[in-house]
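>>> structure, please.
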Amino acid sequence: MKQLNAYLEQNKQRFLDELVALLRFPSISADKNYEPDVLQTADAVKDFLLQAGAEQVSVISTAGFPVVYGEKIINANLPTVLVYGHYDVQPADPLELWNSPPFEPVIKDGNIYARGACDDKGQMFMHVKAFEMMMKNNCLPCNVKFMIEGEEEIGSANLETFAVQHKEKLQADVILISDTSMISNEQPSITTGLRGLSYLEVEVTGPNRDLHSGVYGGAVANPINILCDMISSLHDADRKVNIPGFYDEVQEVSAEERNSMSKAPFSLSDYKAHLDIQDVLGEKGYSTLERVSIRPTLDVNGIWGGYTGQGAKTVLPSKAYAKISMRLVPNQNSEKIMQLFEEHFKRIAPSCVQVKVMPHHGGEAAVTPTDSIAYRAASKAMEQTFGVTPIPLRTGGSIPIVTMFERVLGIKSILFGFGLDSDAIHSPNEKFGVFNYYKGIETIPYFYQYFAEMSRV
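A predicted model of the protein is given here:
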């Protein structure tokens, strides 16, 4: 690997400049106004794959945004790694909270600040650059395929259809995904579990139009007040989700695994200081790490209604809205949870309002084995470059396509993330450490080497 390390040293600035160029594209898949930018980003990813040495590179249309595909098959008898990533990003709002424009990348204090820096352009691009290093030094030890989509941030609505239609093209021995984080730069970890997701929007309607709050206030239901009451009732005093049947299929984690989780490096005081909060809040009987990984949750992601402009307007609104997400654990089914929520929310609504529940997207929780060849190769690769053995760790995020890949393609995934929880993904001032970017590029070739060696045994 000496020649790879030398190549990395010689090309560090170019690798960084190319990532900065990619981050300049405002590829916001959730906003139709950015559709041209998303499509331009797909073309840019295609060009980078071609420059790196991939073949059969194409931008493949779907019913939504396209998937960028590329491959390098050196020997059909060798194992094949399928790299998954996404080139779309979250909206950058609220813009006023950014210290620098979200699509004008800034490198400061060892970090790259931009929307998508960590989620997922920076982490996806590590794989492209690692592949380039192996290709340019003629040391790619197995076959590789790339599948880079443009709809992950809106639920990957068309990816399953794509996977079904291109099942033969996508056949591989393992799927490698870098869209997760690790404990720290001193103590790496490999994600072995992800929560599922049910995401929906609710609408509460009172009178048929906005009313004068002086003339009608106190006599007609205010949908915002009602919605707040309904949302407040969705948790009990112990912060458990207060929906009948919500916990029926929850898989309890063994005392042994909980004990193992407790050994992961974690400072509650540092955690609170980083977030500038006085205390944490969550389900009674569970630690902070457990609450964000092995327990299901319900959170309001946005709420609005009435007058929100400058100054005052004494209005009693006709409608109120909220976006709500529920993170799920193994055995919970996203569609069933969605149905339980809708039934309960309509049941608790008073007769003075009408309620509509609109599902958006969802996905199932995933747990990956730690005794597979791929996991052992990933662990050995991180140990090689970090100098310590990574800790297997469940995390709280959701990547619904992991279970879809297993169901449709029959392939397990390795969640090989190099970001940090402090990288502010989905938030203002998202960042990705320059150290992490280079460390990922350095580590990924070792995964290929060890995976190929272990697969021959």
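
>>> which ones are touching F15?
L8, K129, Y437, Y438, I441 (C-beta atoms under 8 Å, 6 or more residues apart in numbering). Heads up, the C-betas are built off the backbone N, CA and C, glycines and all.

>>> from I112, how far off is it?
11 Å (C-beta to C-beta, to the nearest Å).

>>> mutual contacts of the two, please.
Joint contacts of F15 and I112 (C-beta under 8 Å, 6+ apart) are Y437.

>>> ok, E201 touching K323?
Yes: applying C-beta atoms under 8 Å, one finds E201 in contact with K323, separated by 5.1 Å.

>>> now the strands: where do they sit in the stretch 51-200 of the chain?
Ranges of strands within the stretch 51-200 of the chain are 55-60, 67-72, 80-86, 106-108, 111-113, 143-149, 174-177, 181-182, 189-194, 196-205, based on DSSP state E, counting those that start in this stretch.

>>> could you dump the ones you listed into CSV with distance to R376 added?
Shown next, in CSV, are these (distance: least, C-beta to C-beta, whole Å):
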stretch, distance to R376
strand 55-60, 29
strand 67-72, 24
strand 80-86, 15
strand 106-108, 35
strand 111-113, 31
strand 143-149, 19
strand 174-177, 11
strand 181-182, 17
strand 189-194, 10
strand 196-205, 26
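
>>> quick one, which of these is nearest to M230?
Closest approach to M230 among those (C-beta to C-beta): strand 196-205, 7.4 Å.

>>> that closest one pairs with which strands, parallel or anti?
Strand pairing for strand 196-205, determined by DSSP bridges: strand 319-328 (antiparallel), strand 354-363 (antiparallel).

>>> okay, angle between the last one and strand 189-194 too, please.
Which is strand 354-363. 130 degrees (axes from the mean of the first three to the mean of the last three C-alpha atoms, to 10 degrees).

>>> now the helices: where do they sit in the stretch 1-150 of the chain?
2-23, 35-52, 121-136 (DSSP state H, counting those that start in this stretch).

>>> helices or strands up against the shortest one?
In terms of contact count using 3 or more C-beta pairs under 8 Å, 6 or more residues apart in numbering; DSSP states H and E, helix 121-136 is assigned the packing partners helix 2-23, helix 35-52, strand 80-86, strand 143-149, helix 434-456.

>>> so where does the closest residue to V174 other than its chain neighbours fall, helix or strand?
Closest residue in space to V174, ignoring its immediate chain neighbours: A374 at 4.2 Å, by C-beta to C-beta, 6 or more residues apart in numbering. Assigned by DSSP states H and E, A374 belongs to helix 373-386.

>>> pull up the pairing partners for the following helix or strand past that helix, direction included.
Where DSSP H and E defines the elements, the next helix or strand beyond helix 373-386 is strand 391-394. Each strand that pairs with strand 391-394, with its direction, by DSSP bridges: strand 189-194 (parallel).

>>> ok, residues contacting the partner strand?
The contact list for strand 189-194, computed with C-beta under 8 Å, 6+ apart, reads 180-183, 264, 293-294, 330, 365-370, 375, 378-379, 382, 390-395, 397-399, 402, 414-417.

>>> could you check the angle it makes with helix 373-386?
Going by the same axes, to 10 degrees, strand 189-194 makes 150 degrees with helix 373-386.

>>> pull the CA atoms of strand 189-194 into CSV?
C-alpha atoms of strand 189-194 as CSV (Å, rounded to 0.1, in the frame of the first residue of the first chain):
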residue,chain,number,x,y,z
SER,A,189,-16.6,2.5,15.1
ILE,A,190,-18.6,0.5,12.5
THR,A,191,-22.4,0.9,12.5
THR,A,192,-24.1,-2.4,13.0
GLY,A,193,-27.7,-1.2,13.4
LEU,A,194,-29.9,1.5,12.1
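
>>> and that strand, what's its mean pLDDT?
Per-residue pLDDT over strand 189-194 has a mean of 93.

>>> with stretch 132-147 instead?
98.

>>> same thing with stretch 69-83?
97.
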